[in-house]
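*Asks:* Please work out how this folds:
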Amino acid sequence: MERAKKRSTRSLFSTRGLFAVAALLPSLLHAANDGGTLSPFAYGVGARALSLGGAYVALGGGAASLAWNPAAAGAEGSKEFSLFYTAPFTDGNRFTYAGYIHPMLDLGTIGFGNLRYALGGISGYDDDGAPTGEFSNVQNEWLLTYALPPFGGARFGASLKVETHSLAGRSASSVGGDIGFLYLSPRRNRSAWSADNFGFGIALRNALEPKLTLESTEERFPTLIRTGFSYSIPLRGRPVTQVLLVASMEQGNTVASAGSFGVETLLPGGLALRFGGRGDGWTGGIGVPLRGGRIDYAVAMQEPGTAHRVEFILRFGPNLDALRLERARRDDERLAKRTEEELEKKERSQIDGHLAKGRSEMKRGNWEKAEIWFERALLWDPDGEAAQHALARARYEKHLAAGKERIGDGKLLDGIGEFRAAIAAGVDDGRAAEALDAATALLDRTSEKTRAVTDLMTGGIGALALGDFAGARASFEKALDADPGNADASRYLARIDSLLTVRVEAIVERAKGAERRGDFGAARKAYTEALELMPGRDDLLYELRRAKREEKSASAERNGPAGAGNTTETNRPAKILSSAEKEEAGRMYDLGLDMLKNRKSGEAIRYFEFVYNLDGGWENVASYLEQAYLFEGMNLYTEGHIKEAIGVWEKVLVIDPGAEKAMNYIRRGRLALSKAQELSGIGAR
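*Replies:* A predicted model of the protein is given here:
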């Protein structure tokens, strides 16, 4: 009887029996509540995760998350490699994990992992109880994970996995799958109590159930449902910078439900202290940050014994936030370059259009109109040879025709002045010189006094033609002294006063524009220039003194007490926005960017102005708003709405008082407006 009993006991380790026992041994060692029906890998991996009691389904946990919730794979946004090791409870027991996650911009995250459980030194016996030597039991779970890009705060992921089991020279494999969902708010809230700090996760392990058969023993890994939440509490200005609370529940058809919880506290410098619990015992651990990674340690005090776990994490390469910033920077550069190219095209179009209109007027003999169109072309291309030559020719023909007309009317002096102005245009054409010689010959027949007055008059007319108002005034005044009844001299002096008034008013308008954008230094210079042209204007003297006071006051504010700072638009402090305002600002910013990319500058301005008024420091809104203003102003200018274009360009200077392109556009616009008024006057004559 005793012999039969012994034989019966040894038969458990026979060739057939050892498969059943060895197959169940890992589960018996790892789970107290599953009745031995779960894979050892169901217990989870990662020292951080296990030190939090395994309540990890609602956290974005890097490479270790592949084994907990596939949706969490890309939540941290960094390339990460993880190595995990533990030797639970018995000699020869080894549990390791190696995983890697690779996030991709706009394409989600892929991950690869291997969980390996090995138990060696198992004694084998044949059917008669005779020793057959030692064998090993090795199980592997190979993971291929993909997590979709987040939809707001929602994330979805799935893992395809291959389970393998090798035991005493026998092996089997099967395919399974996991799916998961994770919600983490995309908004970061520094308040201790906010819905933005809440996270929720659910994962179905073995949604596609693997089945392994060794000899006649079937291993079936049933579906396990994990649900959990996380809550992060920021603690600014305290010894603890953050407290993280996590909890989860596991349940399945063949296992009892089990709950777990964990608490993690972050200290300054990134050191983490952790504590957790689950149905089979208590856990704890620590996380130590390293340059480019982290080392995590966990300890579990469970019924089978105490287990120690360690994990090394290496992060490398730029994370998704850095990649997004770099992509945004490149997009900004491309958009700015594209805007610049479009503006250059519009500038070229303006130049070509003005040249074409000027040439058309030249064919009709409308020299003055042609001159104005060529001058407008030069506003956009001061160094343009085509416009310079065309302008010189238009001026030459204008003065030559006017001189001939004056000679025909008997106004010899006026004719000589016009011929001299034609020669000053610098065109290689002898007609004006011949006409001047002929007119001068007529003057030689007059008296000496008359000739002296004539020289003064022709000199004054020549100076006036060249824009030398002071020289022209001196010549005409001397002519009046010599010949008080000279009506031509009086008429030209009155014309100088009229032209000076127009010139001074244009300079005053420039000064007012500088004041509106806060550039009182430029306003002071403009008022000084105006006073030099008309020294007797008391109103200009008053404006100059006021501009000097404003400039001094602005300088004192800029260089005031420390901390006062510059209060211009470009340096105003960022506004603290509510969550709703941030969401709306982000939406309007994206809409504005779409409009600007599609060259709908008017619509882009409305969206960007909304964001800029909320927070002038929001991402790249100031630069985009400047681009939209420049583009919209150019559209208005092209359509002939010059005043409106100037008004839009002046808004650029509110954002950036030193914006050179906007200042050039405004200057050109004002000159073009003046030329347009001249053109209108010519048409009325």
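
*Asks:* shaky segments in the stretch 201-350 of the chain?
*Replies:* Filtered on pLDDT under 70, the stretch 201-350 of the chain yields the residue ranges 237-238, 303-304.

*Asks:* Quick one: mean pLDDT over the helix or strand encompassing Ala463.
*Replies:* Assessed by DSSP states H and E, Ala463 sits inside helix 448-465. Here helix 448-465 scores 76 as its mean pLDDT.

*Asks:* Show me what counts as buried in the next helix or strand after that helix.
*Replies:* Note on helix 448-465: by DSSP H and E, the next helix or strand toward the C-terminus is helix 469-482. By neighbour count with 16 or more other CB atoms under 10 Å, helix 469-482 contains the buried residues 469, 472-473, 475-476, 478-480. C-beta coordinates here come from the backbone N, C-alpha and C atoms, glycine included.

*Asks:* what's around Arg334, how many residues?
*Replies:* Residues within reach of Arg334, counting by other CB atoms under 10 Å, total 11.

*Asks:* In terms of helices and strands, where is it?
*Replies:* Assigned by DSSP H and E, Arg334 falls within helix 320-364.

*Asks:* Give me the contacts around whatever helix or strand comes next after that helix.
*Replies:* Sequence order places helix 367-380 as the next helix or strand after helix 320-364, per DSSP H and E. Contacts to helix 367-380, defined as CB atoms under 8 Å, 6 or more residues apart in numbering, come from residues 347, 350-351, 354-355, 357-359, 361-362, 384, 387-388, 390-391, 394-395, 397-398, 401, 668, 671-672, 675, 678-679, 682-683.

*Asks:* Give the buried subset of the residues you listed as a PyMOL selection command.
*Replies:* Selection of the buried residues among the contacts of helix 367-380 in PyMOL, burial being defined by 16+ other CB under 10 Å:
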select buried, resi 347+350+351+354+355+357+358+359+361+362+384+387+388+390+391+394+395+397+398+668+671+672+675+678+679
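
*Asks:* quick revisit: let me have the buried residues of helix 469-482 in JSON lines, extended by distance to Gly157 and pLDDT.
*Replies:* Compiled in JSON lines, the buried residues of helix 469-482 are given as follows (distance: CB to CB, whole Å; pLDDT from 0 to 100):
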{"residue": "Phe469", "distance to Gly157": "79", "pLDDT": "80"}
{"residue": "Ala472", "distance to Gly157": "84", "pLDDT": "85"}
{"residue": "Arg473", "distance to Gly157": "85", "pLDDT": "85"}
{"residue": "Ser475", "distance to Gly157": "89", "pLDDT": "87"}
{"residue": "Phe476", "distance to Gly157": "89", "pLDDT": "85"}
{"residue": "Lys478", "distance to Gly157": "94", "pLDDT": "88"}
{"residue": "Ala479", "distance to Gly157": "94", "pLDDT": "85"}
{"residue": "Leu480", "distance to Gly157": "95", "pLDDT": "85"}
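
*Asks:* residues touching Ile101, list them.
*Replies:* Taking CB under 8 Å, 6+ apart as the criterion, Ile101 is in contact with 62-63, 65-66, 73-74, 79-80, 109-111, 145.

*Asks:* please redo it, this time with the cut-off set to 10 Å
*Replies:* Each residue near Ile101 by CB atoms under 10 Å, 6 or more residues apart in numbering is listed here: 61-66, 72-82, 109-113, 145, 147, 315.

*Asks:* ok, now Ala307?
*Replies:* 29-30, 50, 86-89, 93, 95, 281, 283, 298-301.

*Asks:* which pair in those residues spans the largest distance?
*Replies:* Asn93 and Thr283 (18.0 Å; CB to CB).

*Asks:* Looking at the two, which one has more neighbours?
*Replies:* Thr283 (27 against 21).

*Asks:* part of a strand, is that one?
*Replies:* Yes - judged by DSSP: H, G, I helix; E, B strand; the rest coil, Thr283 forms part of a strand.

*Asks:* from memory it sits against Ser51, does it?
*Replies:* Yes - proximity of Thr283 to Ser51 meets the contact threshold set by CB atoms under 10 Å, at 5.3 Å.

*Asks:* Spit out the residues that contact those two alike.
*Replies:* The contact sets of Thr283 and Ser51 overlap at 262, 274-276, 298-300, 309 (CB under 10 Å, 6+ apart).

*Asks:* and these as JSON lines, adding secondary structure?
*Replies:* Below are the shared contacts of Thr283 and Ser51 laid out as JSON lines (three-state DSSP):
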{"residue": "Gly262", "secondary structure": "strand"}
{"residue": "Arg274", "secondary structure": "strand"}
{"residue": "Phe275", "secondary structure": "strand"}
{"residue": "Gly276", "secondary structure": "strand"}
{"residue": "Ala298", "secondary structure": "strand"}
{"residue": "Val299", "secondary structure": "strand"}
{"residue": "Ala300", "secondary structure": "strand"}
{"residue": "Arg309", "secondary structure": "strand"}
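
*Asks:* Which stretches in the stretch 401-550 of the chain count as helices?
*Replies:* With DSSP state H, counting those that start in this stretch as the criterion, the stretch 401-550 of the chain has helices at 412-424, 431-443, 448-465, 469-482, 487-516, 520-533, 538-558.

*Asks:* Give the residue spans of this protein that score low on pLDDT.
*Replies:* The model of the chain has pLDDT under 70 over residues 1-38, 89-91, 188-190, 237-238, 303-304, 443-449, 557-575, 675-685.

*Asks:* Arg517 - nearest residue in space that isn't next to it in sequence?
*Replies:* For Arg517, ignoring the flanking residues on the chain, the nearest one in space by CB to CB, 6 or more residues apart in numbering is Leu653 at 3.9 Å.
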